[in-house]
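>>> I would like the atomic coordinates for the input below:
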Amino acid sequence: MKRWQADTLLLAVAALWGLAFVPQSWGMDHMGPWGFTGVRFALGALVVLPLAWRERTQPVPVVPAGGPPRALLLLGLGGLIFLGAALQQIGLLTTSVTNASFLTALYVPLVPLLAWGVFRRRPHPVVWPAALGCLAGTWLLTGAGPVQMAAGDWWVIASSLPWALHVVLVGWTAGRLGAPYTVAFTQFVVCAVLSLTVAAALETLSWQAIRDAGWALAYTGFISVGVGYTAQVVAQRHTREADAALLLSSETVFAALFGAWLAGDRLTPSGWLGCGLILACILASQLVPLLARRWRTAVA
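Down below sits the predicted model:
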């Protein structure tokens, strides 16, 4: 897969995730957040199970010597997804959705920093203003108001670290193990088991609630998780972590657009400005390095 194809696939993933906000919101009318999360990731695991099983019949790739064991890598990715959701959920108990959506976007500028620190992979200079621009665009999209820091805000800020680490490590892990579908399947199972364990302790699960939230679970499980997260794992084997973070941040734009279309939400002028700023930053992150390489080739 070429890099532009991987980037296009990640943009499609962001659209799938953006659309998922509407059924996720409606699904909460019937189920608690932990049960809903556990069931949707279990459904996502079912989607990718045949592909992961087929991978087992293929020749086992040689894992480079050194580094963490295979099992630790696979369990770690699922734990990062769960930890990000858990910290965010705790924060939402005492902060607003607007604050949470803005503060979660801190993972965008964190990704190039972590990739630089972990892999010594210096990003193109345009990534830094583009990442900050995506963060500013998210702030505009969520109302452009003052962010009042409450206790829950700090929990949400903490959640941005596991989200960023997941973006940094998932492509590297899939490439190192040579088994992207196994990576996707395992992280879904780990997240589902941990979420359902918490749900069993804190919520009341019932088949009636699952049936009532059936269509919301179907989309968010089969499509958003099963297709979206799996496509993320595949695509990130062929593109840089910083680019992936910027492309996936367009999820906020798609969420606003689908919210206006399906849920009756309406964007303010600052919201439209935020959408435009995020898209401009994404395009700049992709086009500036490409144009710079072509210019250097032309003058060489």
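>>> so what's residue 270 up against?
By CB atoms under 8 Å, 6 or more residues apart in numbering, residue 270 lies in contact with 140, 141, 143, 144. All C-beta atoms are positioned from the backbone trio N, CA, C, and that covers glycine.
>>> ugh, typo on my part, it should be residue 1
Contact analysis of residue 1 by CB under 8 Å, 6+ apart lists 9, 234, 235, 237, 238.
>>> Okay, it and residue 237: tell me how far apart.
Residue 1 is 8 Å from residue 237, where distance means CB to CB, to the nearest Å.
>>> about what we covered before: please check the contacts of residue 270 and keep the buried ones.
The neighbour-count test (16 or more other CB atoms under 10 Å) marks 140, 141, 143 as buried among the contacts of residue 270.
>>> Run a quick check on the second one versus residue 276, I expect a contact.
No: assessed by CB atoms under 8 Å, residue 141 is found out of contact with residue 276, at 10.0 Å.
>>> where in the protein is pLDDT low?
Along the chain, segments meeting pLDDT under 70 span 59-67, 92-93, 95-103, 142, 147-149, 252, 259, 263-267, 300.
>>> And the strands in it?
With DSSP state E as the criterion, the chain has no strands.
>>> got the contact list for residue 35?
Applying CB under 8 Å, 6+ apart, the residues near residue 35 are 195, 196, 199, 203, 205, 209.
>>> quick revisit: how about the buried ones among the contacts of residue 270 in a markdown table, adding distance to residue 245?
Formatted as a markdown table, the buried ones among the contacts of residue 270 follow (distance: CB to CB, whole Å):
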| residue | distance to residue 245 |
| --- | --- |
| 140 | 19 |
| 141 | 17 |
| 143 | 23 |
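>>> Take those residues and keep only those in helices.
Using DSSP state H, the members of the buried ones among the contacts of residue 270 that fall within helices are 140, 141.
>>> Check the buried ones among the contacts of residue 270 against residue 246 and report the nearest one.
Nearest to residue 246 among these: residue 141, at 15.1 Å, using CB to CB.
>>> Any figure for the gap between that closest one and residue 268?
Distance, residue 141 to residue 268, using CB to CB: 9 Å.
>>> Looking at neighbours, which among the contacts of residue 1 is most surrounded?
residue 235 (27 neighbours; other CB atoms under 10 Å).
>>> was I right about that one contacting residue 11?
No: counting by CB under 8 Å, residue 235 stays clear of residue 11, with 9.5 Å between them.
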